[in-house]
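Peer 1: Pasting the sequence and the predicted coordinates here, then a few questions.
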Amino acid sequence: MNRAYEVIIIGGGPAGLSAGLYASRARLSTLLIEKGIIGGQIANAAHVENYPGFPDGISGLELTQAMHRQAKKYGLETVAAEVIGITLNERGKVIKTTEGEYRAKAVIIAVGAEPNRLGVPGEEKFLGKGVSYCATCDGPFFKDQMVAVVGGGDSAVEEGVLLTRFASKVILIHRRNRLRASRLLQERAFANKKIEFLWDTVVEDILGPDRVRGLRVRNVKTGDRSTLEVSGVFFYVGLHPGTDYLRGLLPLDEEGHIPTGEGMETEIPGIFAAGDVRKNSPRQVITAAGEGATAAISAEKFLSE
């Protein structure tokens with residue numbers, strides 16, 4: 001594989017795939033680097049209802065696979081690797097990865113975000129043994145079993161509803177007394193007889209010993225502690241961008257998001273950011289795709305100057 005490109009895109013979610021399509025169609029030599037599955041977090045979504053053009057919805061995997069095929073049609077190249085650093089020299093930008101170094105004249109950072117860990121005892125120990133961050137991936141393993149979902153936003157509620165296809169009961173645990181999810185998702189969850197809500201509650205410990213057998217929880221208002229017998233727990237407590245390797249190169253906010261201008265440009269000429277990694281991004285599939293397209297158009301203008 002060639003090691004020098006006009007544009008290198010870091011991240012293979014909707015923002016990165018859209019950027020890859022626009023850059024490739026502009027006849028720019030373009031490489032997309034993705035450390036995990038092409039499609040990003042949305043590839044795990046069982047049903048995407050708010051992407052224009054699909055009135056009956058589409059799975060996240062199908063949507064992003066179609067995006068990838070379309071970009072490849074125009075010449076986008078991809079490589080499976082993790083980016084560990086970016087340096088600048090007189091020849092452009094050097095992207096250091098676990099598979100070696102690549103050079104680019106312009107870089108689009110579209111790494112998206114990764115699930116936050118709750119940080120409670122047992123979380124790391126039982127990862128893959130009852131602890132999960134993806135109901136679409138692991139839900140079928142809990143057929144006719146009781147599971148818990150931790151969180152109160154769109155992802156937690158949507159995935160909780162999905163889990164009712166498999167589990168005998170889903171206990172949705174939220175530290176507040178009301179959900180943050182959209183009204184439509186809340187209506188679906190409250191109407192589902194297999195979902196039980198545990199309000200004002202946090203998880204303090206995940207119980208084993210060999211795999212998840214239960215949770216120790218605490219009511220934040222009364223301080224009362226109790227134990228829930230569940231076979232699995234799914235965490236949806238927010239996301240964080242994978243930008244640690246950019247510290248010292250680009251300014252980042254407290255959570256690690258990248259500030260950009262209207263054209264997705266960063267403070268370094270030739271480096272752009274798009275999608276969930278960008279500060280103040282709406283964090284929607286459609287906006288990520290739009291930001292990726294904008295970043296590619298800006299990169300094309302940068303290269304033509």
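Peer 2: Looks like it came in fine. The structure displayed is predicted, hence computed values, not measured ones.
Peer 1: Contact partners for the nearest residue to residue 290 once chain neighbours are set aside?
Peer 2: Closest residue in space to residue 290, ignoring its immediate chain neighbours: residue 18 at 7.4 Å, by CB to CB, 6 or more residues apart in numbering. Backbone N, C-alpha and C define where each C-beta goes, glycine included. Residue 18 makes contacts with 67, 274, 288, 289, 290, 291, 292, 293, 296, as judged by CB atoms under 8 Å, 6 or more residues apart in numbering.
Peer 1: Report how many residues lie close to residue 187.
Peer 2: 11 (other CB atoms under 10 Å).
Peer 1: Same question for residue 84.
Peer 2: Neighbours of residue 84 (other CB under 10 Å): 12.
Peer 1: just the helices in the stretch 1-150 of the chain please.
Peer 2: 14-25, 60-73, 135-138 (DSSP state H, counting those that start in this stretch).
Peer 1: from those helices, which stretch is densest packed?
Peer 2: Highest mean neighbour count of the helices of the stretch 1-150 of the chain: helix 14-25, a mean of 30 (counted as mean count of other CB atoms under 10 Å).
Peer 1: Just give me the longest helix of the protein.
Peer 2: Assignment by DSSP state H gives helix 285-304 as the longest helix of the chain.
Peer 1: Just give me how far it sits from the chain centre.
Peer 2: 19 Å (CA atoms, centre = their mean, to the nearest Å).
Peer 1: which other residues reach it?
Peer 2: Contacts for helix 285-304 (CB under 8 Å, 6+ apart): 6-7, 13-23, 26, 28, 42, 48, 50-52, 60, 63, 67, 105-106, 108, 110, 112, 263-265, 269-270, 272-276, 278, 281.
Peer 1: before we move on, what about stretch 116-126?
Peer 2: Under CB under 8 Å, 6+ apart, the answer for stretch 116-126 is 131, 150, 203-208, 211-212, 235, 237-240.
Peer 1: Point to the residue nearest the middle of this structure.
Peer 2: residue 41 (3.5 Å; CA atoms, centre = their mean).
Peer 1: Just list the residues touching that one, thanks.
Peer 2: 13, 112, 113, 114, 115, 239, 276.
Peer 1: one step back: could I get the helices of the stretch 1-150 of the chain in TSV, plus columns for mean pLDDT and distance to residue 95?
Peer 2: Output for the helices of the stretch 1-150 of the chain, formatted as TSV (pLDDT from 0 to 100; distance: least, CB to CB, whole Å):
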stretch	mean pLDDT	distance to residue 95
helix 14-25	98	14
helix 60-73	97	19
helix 135-138	84	29
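Peer 1: closest one to residue 252 among these?
Peer 2: Across the helices of the stretch 1-150 of the chain, residue 252 has its closest neighbour in helix 14-25 (17.1 Å, CB to CB).
Peer 1: Just the buried ones from the contacts of residue 18?
Peer 2: 67, 274, 288, 289, 290, 291, 292, 293, 296 (16 or more other CB atoms under 10 Å).
Peer 1: re earlier: any idea which of the contacts of residue 18 is closest to residue 230?
Peer 2: residue 288 (33.2 Å).
Peer 1: what's the distance between residue 56 and residue 107?
Peer 2: As judged by CB to CB, to the nearest Å, residue 56 and residue 107 stand 37 Å apart.
Peer 1: Where does the closest residue to residue 244 other than its chain neighbours sit: helix, strand or coil?
Peer 2: Among residues not flanking residue 244 along the chain, residue 256 sits closest, at 7.1 Å (CB to CB, 6+ apart). Recorded secondary structure, residue 256: coil (DSSP: H, G, I helix; E, B strand; the rest coil).
Peer 1: got the domain boundaries for this protein?
Peer 2: Domain assignment for the chain, taken from automatic domain parsing, gives 4-115+239-304, 131-235.
Peer 1: In JSON lines, list those along with distance to residue 122.
Peer 2: Converted to JSON lines, these look like this (distance: least, CB to CB, whole Å):
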{"stretch": "domain 4-115+239-304", "distance to residue 122": "16"}
{"stretch": "domain 131-235", "distance to residue 122": "3"}
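Peer 1: out of those domains, deepest packed?
Peer 2: Counting by mean count of other CB under 10 Å, the most buried of the domains of the chain turns out to be domain 4-115+239-304, with a mean of 20.
Peer 1: how long is it end to end?
Peer 2: Terminal residues of domain 4-115+239-304 are spaced 17 Å apart (CA to CA, to the nearest Å).
Peer 1: returning to what we had before: avg pLDDT for the longest helix of the chain?
Peer 2: For helix 285-304, mean pLDDT is 97.
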